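> Predicted model follows, preceded by the sequence.
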Amino acid sequence: RVALFALFFNPGGITVKELGDALRDTKLTPPALRKLGWGGLYPWDWDAASAERSFSAIQDRPFVPPVLRELILDRQPEATLDFARRVARWRFTRIISAHLNAPIKAGPADWMRAWYFLEDKALDLEKLLPPPLRRAEPTDG
(Lines give C-alpha, C1' and ligand atoms only; values in the text may rest on other atoms or scores of the structure.)
Protein backbone atom coordinates (compact mmCIF):
# COMPACT_ATOMS: atom_id res chain seq x y z
CA ARG A 1 0.00 0.00 0.00
CA VAL A 2 2.82 2.40 0.79
CA ALA A 3 4.31 1.66 -2.63
CA LEU A 4 0.97 2.27 -4.35
CA PHE A 5 0.52 5.56 -2.51
CA ALA A 6 4.03 6.67 -3.44
CA LEU A 7 3.68 5.51 -7.03
CA PHE A 8 0.37 7.20 -7.53
CA PHE A 9 0.90 10.28 -5.37
CA ASN A 10 -2.79 9.77 -4.70
CA PRO A 11 -4.03 11.29 -1.47
CA GLY A 12 -7.55 10.15 -2.36
CA GLY A 13 -6.60 6.63 -1.24
CA ILE A 14 -5.98 7.67 2.34
CA THR A 15 -7.69 9.50 5.17
CA VAL A 16 -5.24 11.55 7.21
CA LYS A 17 -5.62 11.10 10.97
CA GLU A 18 -5.46 13.79 13.62
CA LEU A 19 -2.01 13.77 15.26
CA GLY A 20 -3.32 12.61 18.64
CA ASP A 21 -5.23 9.73 17.04
CA ALA A 22 -2.20 8.70 14.99
CA LEU A 23 0.04 8.67 18.07
CA ARG A 24 -2.52 6.65 20.07
CA ASP A 25 -2.85 4.15 17.21
CA THR A 26 0.89 3.31 17.34
CA LYS A 27 -0.04 0.98 20.22
CA LEU A 28 -2.11 -1.04 17.75
CA THR A 29 0.75 -1.51 15.29
CA PRO A 30 2.08 -5.09 15.41
CA PRO A 31 5.68 -5.28 16.73
CA ALA A 32 7.00 -6.66 13.44
CA LEU A 33 5.71 -3.58 11.59
CA ARG A 34 7.21 -1.21 14.16
CA LYS A 35 10.64 -2.51 13.15
CA LEU A 36 10.05 -1.23 9.60
CA GLY A 37 10.44 2.35 10.76
CA TRP A 38 8.55 5.31 12.10
CA GLY A 39 8.00 3.46 15.39
CA GLY A 40 4.71 2.11 14.12
CA LEU A 41 3.34 5.56 13.29
CA TYR A 42 0.94 5.47 10.36
CA PRO A 43 -0.75 8.88 10.24
CA TRP A 44 -3.47 7.76 7.83
CA ASP A 45 -6.03 5.05 7.21
CA TRP A 46 -6.11 3.20 3.92
CA ASP A 47 -9.09 2.95 1.62
CA ALA A 48 -8.71 -0.71 0.66
CA ALA A 49 -10.97 -0.37 -2.40
CA SER A 50 -8.82 2.51 -3.66
CA ALA A 51 -5.67 0.40 -3.31
CA GLU A 52 -7.27 -2.40 -5.34
CA ARG A 53 -8.40 0.03 -8.06
CA SER A 54 -4.94 1.60 -8.15
CA PHE A 55 -3.24 -1.75 -8.54
CA SER A 56 -5.64 -2.81 -11.30
CA ALA A 57 -4.93 0.42 -13.17
CA ILE A 58 -1.19 -0.24 -13.39
CA GLN A 59 -1.13 -4.01 -13.62
CA ASP A 60 0.49 -5.50 -16.71
CA ARG A 61 1.11 -2.27 -18.61
CA PRO A 62 3.81 0.39 -18.71
CA PHE A 63 3.04 3.59 -16.84
CA VAL A 64 4.81 6.61 -15.44
CA PRO A 65 3.96 7.21 -11.78
CA PRO A 66 2.22 10.54 -11.17
CA VAL A 67 4.83 11.58 -8.64
CA LEU A 68 7.42 11.44 -11.44
CA ARG A 69 5.03 13.04 -13.93
CA GLU A 70 4.28 16.05 -11.75
CA LEU A 71 7.54 16.62 -9.93
CA ILE A 72 10.28 15.65 -12.38
CA LEU A 73 9.47 14.68 -15.96
CA ASP A 74 7.21 17.59 -16.84
CA ARG A 75 10.08 20.06 -16.37
CA GLN A 76 11.55 19.17 -19.76
CA PRO A 77 8.67 17.54 -21.63
CA GLU A 78 10.18 17.76 -25.11
CA ALA A 79 13.50 16.18 -24.04
CA THR A 80 11.63 13.46 -22.18
CA LEU A 81 9.42 12.75 -25.19
CA ASP A 82 12.51 12.60 -27.41
CA PHE A 83 13.87 9.89 -25.11
CA ALA A 84 10.57 7.97 -25.18
CA ARG A 85 10.41 8.21 -28.98
CA ARG A 86 13.98 6.90 -29.33
CA VAL A 87 13.10 3.88 -27.20
CA ALA A 88 9.89 3.36 -29.21
CA ARG A 89 11.98 2.92 -32.38
CA TRP A 90 13.36 -0.31 -30.92
CA ARG A 91 11.57 -3.52 -31.81
CA PHE A 92 10.45 -5.13 -28.56
CA THR A 93 7.56 -7.22 -27.29
CA ARG A 94 8.10 -7.02 -23.54
CA ILE A 95 9.42 -4.67 -20.88
CA ILE A 96 11.34 -5.76 -17.83
CA SER A 97 10.94 -3.04 -15.26
CA ALA A 98 13.08 -2.42 -12.22
CA HIS A 99 9.97 -2.34 -10.02
CA LEU A 100 6.71 -4.24 -9.71
CA ASN A 101 5.90 -7.32 -11.76
CA ALA A 102 8.01 -8.13 -14.80
CA PRO A 103 8.18 -8.87 -17.61
CA ILE A 104 5.06 -7.34 -19.10
CA LYS A 105 3.92 -7.87 -22.66
CA ALA A 106 4.27 -4.47 -24.31
CA GLY A 107 5.53 -3.07 -27.56
CA PRO A 108 6.49 0.40 -28.75
CA ALA A 109 2.87 1.64 -28.98
CA ASP A 110 2.20 0.53 -25.39
CA TRP A 111 5.40 2.26 -24.30
CA MET A 112 4.39 5.54 -25.94
CA ARG A 113 0.92 5.44 -24.33
CA ALA A 114 2.68 5.73 -20.97
CA TRP A 115 4.12 9.11 -22.03
CA TYR A 116 0.93 10.70 -23.41
CA PHE A 117 0.78 13.10 -20.47
CA LEU A 118 3.75 15.02 -21.88
CA GLU A 119 2.31 15.68 -25.34
CA ASP A 120 0.20 18.69 -24.38
CA LYS A 121 2.83 20.03 -22.00
CA ALA A 122 5.46 19.95 -24.72
CA LEU A 123 3.17 21.83 -27.09
CA ASP A 124 2.13 24.37 -24.44
CA LEU A 125 5.73 25.11 -23.48
CA GLU A 126 6.69 25.56 -27.09
CA LYS A 127 4.15 28.39 -27.40
CA LEU A 128 6.18 30.29 -24.81
CA LEU A 129 9.33 30.17 -26.92
CA PRO A 130 10.19 33.09 -29.20
CA PRO A 131 9.29 32.30 -32.86
CA PRO A 132 12.86 31.58 -34.03
CA LEU A 133 13.14 28.78 -31.45
CA ARG A 134 9.79 27.11 -32.18
CA ARG A 135 9.53 24.04 -34.36
CA ALA A 136 8.39 24.72 -37.87
CA GLU A 137 4.69 24.31 -38.47
CA PRO A 138 3.89 21.41 -40.84
CA THR A 139 2.84 22.45 -44.33
CA ASP A 140 0.31 20.77 -46.58
CA GLY A 141 2.50 20.84 -49.64
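Received, thanks.
> Please tell me how far the nearest residue to Ala114 once chain neighbours are set aside sits from Ala79.
Distance criterion C-beta to C-beta, 6 or more residues apart in numbering; nearest residue to Ala114, sequence neighbours excluded, is Pro62 at 4.2 Å. The C-beta positions use only the backbone N, C-alpha and C, and glycine is treated the same way. Look at Pro62 and Ala79: by C-beta to C-beta, to the nearest Å, they are 19 Å apart.
> Comparing these two, which residue is more hemmed in?
Shown here are Pro62 and Ala79; by other C-beta atoms under 10 Å, Pro62 has more neighbours (16 against 12).
> didn't that one look like it was pressed against Ile104?
Yes: between Pro62 and Ile104 there is a contact under C-beta atoms under 8 Å: 6.8 Å.
> Determine how far stretch 14-25 lies from the middle of the whole chain.
In this view, stretch 14-25 has its centroid 26 Å away from the chain centroid, taken as C-alpha atoms, centre = their mean, to the nearest Å.
> May I see the buried residues of it?
Neighbour counts over stretch 14-25 (16 or more other C-beta atoms under 10 Å) mark 14, 17 as buried.
> Let me see the mean pLDDT of that stretch.
Across stretch 14-25, the average pLDDT comes to 88.
> And for stretch 70-90?
Per-region confidence: stretch 70-90 scores 89 on mean pLDDT.
> Tell me where the protein has helices.
Using DSSP state H, the helices of the chain run over 2-8, 19-25, 31-34, 48-58, 66-71, 77-88, 108-113, 117-127.
> now those helices as CSV including distance to Gly40?
As requested, the helices of the chain are exported to CSV (distance: least, C-beta to C-beta, whole Å):
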stretch, distance to Gly40
helix 2-8, 14
helix 19-25, 8
helix 31-34, 4
helix 48-58, 20
helix 66-71, 25
helix 77-88, 39
helix 108-113, 40
helix 117-127, 36
